[in-house]
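S.K.: only geometry, no sequence info:
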C-alpha cells in the first residue's frame, strides 16, 4: 500500500510539474557578443527539483565545455547563465548549430520530456528494442574487463556500446549488447538469467567482503549518470585504508553552514577537466540535495565551484557525519572520471568478439584497463581505453609496441597521458542580466548570503 501511495504521489507531482511547465515554457537565449571568448547561454524556466542537472546534462551531452556558470533558483523560477565553448575552445558561431542547441534545450526541458529526476532508477529510461542493457558493479582487478567480455562472447552476445569506470578498488560498467544471431536485443528469459548468473560470478572473484551486482534490462539509460548512481550505491566513496600516492592531488572539498540563511555552503577546488560540473551536480542531486545558488568558474588549470544547498526536506547539513559524507561523495564524483596512465584509441571495423580479443591482448601483456569507452558507429568500433601496468609500474614502451603489432599499429593509436589541458581562463565582461557576475569568486559578494 505504501508503494502504491508513493507511486500516486510521484504521478501527481509529475503531472503538476508538467502543468506548470506548459504554462511557463523554458526560455533559452544565446548571446555571442556578451563575452569575447565564449558563447553565453541563459536558461530560464519554472523551478523544479533536478532542473539544474537537466540543463547541465543537456549541455554536456552536446559536447559543450562549460567554463563559467551562475545559477539561482531560490523561489518559483530557475535561471542559469553559462559561458560555453566547443571542444576546441571556440565560440559557437554557426547559426544552424546555435538554433539546434536552443531547440534541443527547450525540448529537453519541456513538459513532455522523459527526464524524471524524482525517480532514481528510471532516470532517462526509454524502451529500446535494438539492444539489451547490462549494468555491472564489483571489485576491480587486473583483467576484469577481459573476463567479462570473454563471457559475453561465449554467450553469443556482441558489445556495441559500453563504458567502464574504476575507483577506490571498485568497478562499474554499463554495456549495451546484442544477440549475435539476430542483431537485436536478447529477449529469452532463461538466457538473460544465465547472463546475469555468469557475469555476477566473474565480478565476485575471490572477494568475500564486498559483493557484486548484475542487472539486465531491455532499455537504455543516461550512461554517465547511471555510472555515478551505481558507484554511489556501491559506496565507492568509502576509502580503503591505503592512502593515495599523493594526498595533495585529492580535490579540496569543504562544507560549512550559513546560519542566517539556513544554507550549507559547499566549495570545491580541484584540477579542471571536461564534465566536472556535470559530475558534481549529478552527485548532489542523487544525494537529494537542492542547489539554490551556485557559482562555478575555471581559472587556468584549477576549477572553483560553490554551491548553496539544502536537503530535499529543507534542512541544511547539520550533522558532522553527514558533512563528511557529502565531502567524501563529491571527492569520489570528481575522481571517478580521472584515470592515470596511457590513453589508447582503437578505430577498426566492428565484428563479434572484437572487444574480447582486444582486452585479452591487454591482459596477456599485463595492462590493466582503468576506464573504457566503447562505441559502434557505421560498422566501425571506436573505442578508447585508459590503461596502466597491472603491477603498478610505469607502462613499458616495448609492451605498447607489442600490443600495437598484435592489434594493428594503424588502428591502435597511443595518445599519451590522460591529463588534458583545457582552454585558457576566459575573463571578459558580459552584458547579460548579471553584468560582471563571473568576475566574483563567491556569492557572498552579491549579498545573497552572509558568512
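M.R.: Structure received. It should be emphasised that the depicted structure is a prediction, and the values quoted were computed from it without experimental measurement.

S.K.: only C-alpha atoms for contact and neighbour calcs from this point on.
M.R.: Fine.

S.K.: and stretch 384-395, end to end?
M.R.: Stretch 384-395 has an end-to-end distance of 17 Å (criterion: CA to CA, to the nearest Å).

S.K.: stretch 280-291 too?
M.R.: End-to-end distance of stretch 280-291 (CA to CA): 11 Å.

S.K.: same question for stretch 71-89.
M.R.: Taking CA to CA, the span from the opening residue of stretch 71-89 to its closing residue is 22 Å.

S.K.: what does it rub up against?
M.R.: Counting contacts by CA atoms under 8 Å, 6 or more residues apart in numbering, the residues outside stretch 71-89 that touch it are 38-48, 63-70, 91-92, 291-295, 422-423.

S.K.: now it: mean pLDDT?
M.R.: Stretch 71-89 shows an average pLDDT of 90 in the prediction.

S.K.: repeat that for stretch 271-291.
M.R.: For stretch 271-291, the per-residue pLDDT averages 95.

S.K.: from one end of that stretch to the other, what's the distance?
M.R.: Terminal residues of stretch 271-291 lie 22 Å apart, using CA to CA.

S.K.: what distance separates it from the centre of its chain?
M.R.: Taking CA atoms, centre = their mean, to the nearest Å, one finds stretch 271-291 lying 8 Å from the centre of the chain it belongs to.

S.K.: one more: stretch 381-400?
M.R.: Relative to the chain's own centre, stretch 381-400 is displaced by 23 Å; criterion: CA atoms, centre = their mean.

S.K.: repeat for stretch 189-202
M.R.: Remark: stretch 189-202 is offset 27 Å from the chain centroid, using CA atoms, centre = their mean.

S.K.: buried stuff in that stretch?
M.R.: Applying a neighbour-count criterion of 16 or more other CA atoms under 10 Å, one finds 192, 195-196, 199-200, 202 buried in stretch 189-202.

S.K.: ok, now stretch 381-392?
M.R.: By 16+ other CA under 10 Å, the buried positions in stretch 381-392 come out as 381-390.

S.K.: ok, so of these, who is nearest residue 304?
M.R.: Distances from those to residue 304 were compared by CA to CA; the smallest belongs to residue 386, at 26.1 Å.

S.K.: low-confidence ranges in the stretch 1-150 of the chain?
M.R.: Low-confidence regions of the stretch 1-150 of the chain, defined by pLDDT under 70, span residues 1-24, 110-129.

S.K.: show me the strands in it, by range?
M.R.: Taking DSSP state E, counting those that start in this stretch to define them, one finds strands in the stretch 1-150 of the chain at 27-31, 39-46, 65-72, 77-85, 126-127, 132-139.

S.K.: so which of the buried residues of stretch 381-392 belong to strands?
M.R.: Among the buried residues of stretch 381-392, the members falling in strands (DSSP state E) are 381-389.

S.K.: related to what we said a few turns ago, how about the buried residues of stretch 381-392, which pair is most distant?
M.R.: Comparing all pairs in the buried residues of stretch 381-392 by CA to CA, the longest separation belongs to 381 and 390, at 25.0 Å.

S.K.: so what are the domain limits for the protein?
M.R.: Taking automatic domain parsing as the criterion, the chain consists of the domains 2-119+245-337, 126-219+339-417.

S.K.: with distance to residue 234 added, can I get these in a markdown table?
M.R.: A markdown table is the format used below for these (distance: least, CA to CA, whole Å):
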| stretch | distance to residue 234 |
| --- | --- |
| domain 2-119+245-337 | 11 |
| domain 126-219+339-417 | 7 |
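
S.K.: closest one to residue 239 among these?
M.R.: When the domains of the chain are compared for distance to residue 239 using CA to CA, the nearest one is domain 126-219+339-417, at 6.4 Å.

S.K.: phi first, then psi, for residue 195.
M.R.: According to degrees, to the nearest 10, the main-chain angles of residue 195 amount to phi -60, psi -50.

S.K.: from what I can see it touches residue 155, true?
M.R.: Yes - between residue 195 and residue 155 there is a contact under CA atoms under 8 Å: 7.4 Å.

S.K.: grab the most central residue of this structure for me.
M.R.: In the chain, the C-alpha nearest the mean C-alpha coordinate belongs to residue 224, at 3.7 Å (CA atoms, centre = their mean).

S.K.: can you tell me the SS state at residue 324?
M.R.: On the three-state scheme (DSSP: H, G, I helix; E, B strand; the rest coil), residue 324 is labelled helix.

S.K.: how close does it get to residue 33?
M.R.: Applying CA to CA, one obtains 43 Å for the distance of residue 324 from residue 33.

S.K.: just checking, residue 366 touches residue 390?
M.R.: Yes - between residue 366 and residue 390 there is a contact at 5.3 Å, judged by CA under 8 Å.

S.K.: wouldn't residue 176 be in contact with residue 130 here?
M.R.: No - under the criterion of CA under 8 Å, residue 176 lies out of contact with residue 130, with a separation of 9.3 Å.

S.K.: when the two are compared, which one has more neighbours?
M.R.: Under the neighbour definition other CA atoms under 10 Å, residue 176 and residue 130 were set side by side, and residue 176 has more, 26 against 16.

S.K.: skipping its backbone neighbours, what lies nearest that one in space?
M.R.: In this structure, residue 176 finds its nearest non-sequential neighbour in residue 133, 4.6 Å apart by CA to CA, 6 or more residues apart in numbering.

S.K.: wait, the one you found sits on residue 175?
M.R.: Yes - under the criterion of CA under 8 Å, residue 133 makes contact with residue 175 at 5.7 Å.

S.K.: start and end of stretch 81-98, how far apart?
M.R.: End-to-end distance of stretch 81-98: 16 Å, with CA to CA as the criterion.

S.K.: all strands of the stretch 251-400 of the chain, in order?
M.R.: Counting by DSSP E, counting those that start in this stretch, the stretch 251-400 of the chain has strands at residues 252-258, 263-271, 289-299, 302-311, 342-349, 367-377, 380-389.

S.K.: nearest to residue 229, of those?
M.R.: Among the strands of the stretch 251-400 of the chain, the nearest to residue 229 by CA to CA is strand 289-299 (14.3 Å).
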